[in-house]
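1. predicted coordinates and the sequence they were generated for:
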Amino acid sequence: MGTGSWKFSELKFPKPNLKVFQDLYADAIERVESATSGDDVMEIIFEVNELSRRTTDLLTVAFIHHTMDVTDEAYAENHRWVEENRQYFVKAAIDFREALYNSPYKEYIEERIGPMYFTKMDIDKKTFSEENVQLRQREAELGDEYQRIIASCNIDFLGEPRSFIKLQDYFFDQDREVRRAAFREFSKFLAQHEKRLEEIWNDLIDIRNQIGRNLGFDNYIPVGYLERGRLDYGQEEVAKFRKQVEDEIVPLCSKLYEAQRKRLGVDELMVYDEKIVFPEGNARPIGDEDYLMEEIVNMLHDMSPETQEFIDFIMEHELIDYEDRPNRAGIEYSTMITSRKAPFVFSHFSATAAGVSGIIGAIGHAFAAYRAARMQILEEYYSSSSDIMEIHSLSMSQFANRYADSFFGDDAKRYEFFNLQDLMTFIPFGAAVDEFQHICYSNQNLTPEERNSEWRKLEEKYMPWRKYDDDDDFMNRGGYWYHKIHFFLYPLYYIEYCLATVNAMEMNRKYVTHPARAWKEFLAITDIGGSRSYLDILKLANLTPAYEDGAVEKSISYVKDVLEEYIENHEA
């Protein structure tokens, strides 16, 4: 495929032919086994990589179209076929890499393309089993059902139908009664589907733990760590990080929310007050979504030659979808059409402070993928582990604070405070999400009521400020977590956001004090893609592993100072 004039909407990808794919990989294995030189093997690797790019695109585009409209039966059927057969594609790739691993030219391959190629192969081997193919298929079906339940939300609110995502925009409304009413509808919708959501989650725990047992583990947790690419740290380090969150960040967030309560002039800060930082409302953008998108483009043109090239590519090829429509999946992501080295951004953009920071973060993901695809020779290296990729996203969100006046005018300073407080107060929630998943997979026989009770305990531990209306039975029983799609679609994917937020705060401190050097370090961790390990990539930007003793206190120090100074200077 060329890289000339084309639009995403024009791309046509037929359903891949699994038999042809398997036959081509089988032929490649035979050629590796009969190769007489390392260069011959490398030629085969590059040929297979090109095949993999084309096939991956078929799977990726099916996913994108499905998320654009989860009710479109043609896209849904194509997506189901992909999920039903994904494991067979994975198996063919594993068999090919196994032949490379056993080749007498293994050391030559590692010298040419680095050891992470075989490290990733080892992960695939450890997480694949023929016994799990049907379990994986059922897991995908349940995840898709969850998405369809969330996408079915069409609540009449303030005279117009609102999707589940759009309903949550009103959590930021200046009018407290509007916020309360929006949260009540949010709670009611989840409560209406509680029984089926309980069943889906229960089945997913059973399925994933069985997947783990089939791979020789006690439960799913070790599999999840492998699938997330956590090779340099494990459960012990994550638990140490959560303890630092509890000791260092929870008290700071309590202070921030107490100051917020006083600013808002309320006796108790309720859950529907948490997102409204100022009594006059959060910082307001000075235009609608299209205006803001234009300003994002202008910002990236000004930020660096690298970001200018990237955003021009995205806009030229229509590789961003942020328009609110019925039946869009309730997720945000950046993915890659690999044969065209083209990132695609799927975002729920709104003309709010949270909407601006959210879409800029998604663009940060895409920028890193764009750079890596041009710097790395193999598709496997176009992306890194998620704990690194979230640094790209969250750092870009903070770098953009320098351009806040373009989006918010006179509200720029209030936006910066909102953005930094939102990042800081997210971390305890993310720690709760992570610990809750560990509890669920480690205690498979918990009833739904017991699981919800565990969630409520975690809210009290990590979010002691969290209060629901007395008559909101669903939330007081511990139902808030049901809205978080990661539980259902991306198991154990959440602590990455927290680790990366801490590192992004460290990166932001560098960017404020030494912008040119910080940008160089930022490019280093985007360009390297997934060709190095987690700890090696952190070293490229002189970042501290967030789970090390004292790392959280050190890394958040600049943002903590900014937040506390703002409170001191603006408190009555």
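-> That came through, no problem.
2. where in the chain is pLDDT low?
-> Scanning the chain for pLDDT under 70 picks out the ranges 1-4, 13, 571-572.
3. for it, just list every one of the strands.
-> In the chain, strands defined by DSSP state E lie at 155-157, 160-162, 320-321, 333-337, 342-346, listed in chain order.
4. need the winner for burial among the ones you listed.
-> Stretch with highest mean neighbour count among these: strand 342-346 (a mean of 23; mean count of other CB atoms under 10 Å). No exception for glycine: its C-beta is placed from N, CA and C like everyone else's.
5. which secondary structure elements does that strand contact?
-> helix 38-68, helix 305-316, strand 320-321, strand 333-337, helix 353-375 (3 or more CB pairs under 8 Å, 6 or more residues apart in numbering; DSSP states H and E).
6. adding distance to Pro14, write those out as TSV.
-> What follows is the helices and strands packed on strand 342-346, written out as TSV (distance: least, CB to CB, whole Å):
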stretch	distance to Pro14
helix 38-68	7
helix 305-316	25
strand 320-321	22
strand 333-337	15
helix 353-375	23
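7. and among these, the most buried is which?
-> Of all the helices and strands packed on strand 342-346, as judged by average neighbours under mean count of other CB under 10 Å, the leader is helix 353-375 with a mean of 24.
8. any idea of the angle that helix forms with strand 333-337?
-> 20 degrees (axes from the mean of the first three to the mean of the last three CA atoms, to 10 degrees).
9. can you give me the angle helix 353-375 makes with helix 305-316?
-> Using the same axes, to 10 degrees: helix 353-375 against helix 305-316 is 100 degrees.
10. show me what helix 353-375 is packed up against.
-> helix 289-303, helix 305-316, strand 333-337, strand 342-346, helix 386-399, helix 404-408, helix 412-442, helix 515-527.
11. out of the helices and strands packed on strand 342-346, nearest to Arg451?
-> strand 333-337 (26.6 Å; CB to CB).
12. list the helices and strands the closest one packs on?
-> helix 38-68, strand 342-346, helix 353-375.
13. give me whichever of the helices and strands packed on helix 353-375 is most buried.
-> Most buried among these, counting by mean count of other CB under 10 Å: helix 386-399, with a mean of 26.
14. now that helix against helix 289-303, angle please.
-> Using the same axes, to 10 degrees: helix 386-399 against helix 289-303 is 100 degrees.
15. got the contact list for helix 386-399?
-> Outside helix 386-399, the residues within contact range by CB atoms under 8 Å, 6 or more residues apart in numbering are 228-230, 303, 357, 360-365, 367-368, 383, 419-420, 423, 493, 495-497, 499-501, 503-505, 507-508, 511, 522, 525-526, 534, 537-538, 543.
16. where do the helices sit along the stretch 451-572 of the chain?
-> Using DSSP state H, counting those that start in this stretch, the helices of the stretch 451-572 of the chain run over residues 473-476, 486-489, 495-513, 515-527, 534-540, 551-555, 557-570.
17. in the third one, what's buried?
-> Neighbour-count burial for helix 495-513, counted by 16 or more other CB atoms under 10 Å, picks out 495-511.
18. check the last one too.
-> Of the residues in helix 557-570, those scored as buried under the neighbour-count criterion (16+ other CB under 10 Å) are 558-560, 562-563, 566-567.
19. now it against helix 412-442, angle please.
-> Using the same axes, to 10 degrees: helix 557-570 against helix 412-442 is 130 degrees.
20. and helix 557-570, what does it pack onto?
-> helix 250-264, helix 412-442, helix 495-513.
21. the first one too?
-> Contact analysis of helix 473-476 by 3+ CB pairs under 8 Å, 6+ apart lists helix 176-192 as its packing neighbours.
22. at 10 Å what do you get?
-> helix 176-192, helix 448-462 (3 or more CB pairs under 10 Å, 6 or more residues apart in numbering; DSSP states H and E).
23. go through it and flag the buried ones.
-> Quick answer for helix 473-476 (16+ other CB under 10 Å): 474-476.
24. rewinding a little: closest one to Asp95 among the helices and strands packed on strand 333-337?
-> Here helix 38-68 is closest among those (CB to CB), at 11.3 Å.
25. that closest one to strand 333-337, inter-axis angle?
-> Using the same axes, to 10 degrees: helix 38-68 against strand 333-337 is 130 degrees.
26. tell me the helices and strands packed up against helix 38-68.
-> helix 18-33, helix 73-101, helix 106-113, helix 133-151, strand 320-321, strand 333-337, strand 342-346.
27. go through those and pick out the most buried.
-> strand 342-346 (a mean of 23).
28. against Glu306, how distant is Met396?
-> Per CB to CB, to the nearest Å, Met396 is found 12 Å from Glu306.
29. tabulate the helices and strands packed on helix 38-68 (TSV), appending distance to Tyr403.
-> Below are those laid out as TSV (distance: least, CB to CB, whole Å):
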stretch	distance to Tyr403
helix 18-33	45
helix 73-101	36
helix 106-113	38
helix 133-151	33
strand 320-321	18
strand 333-337	20
strand 342-346	18
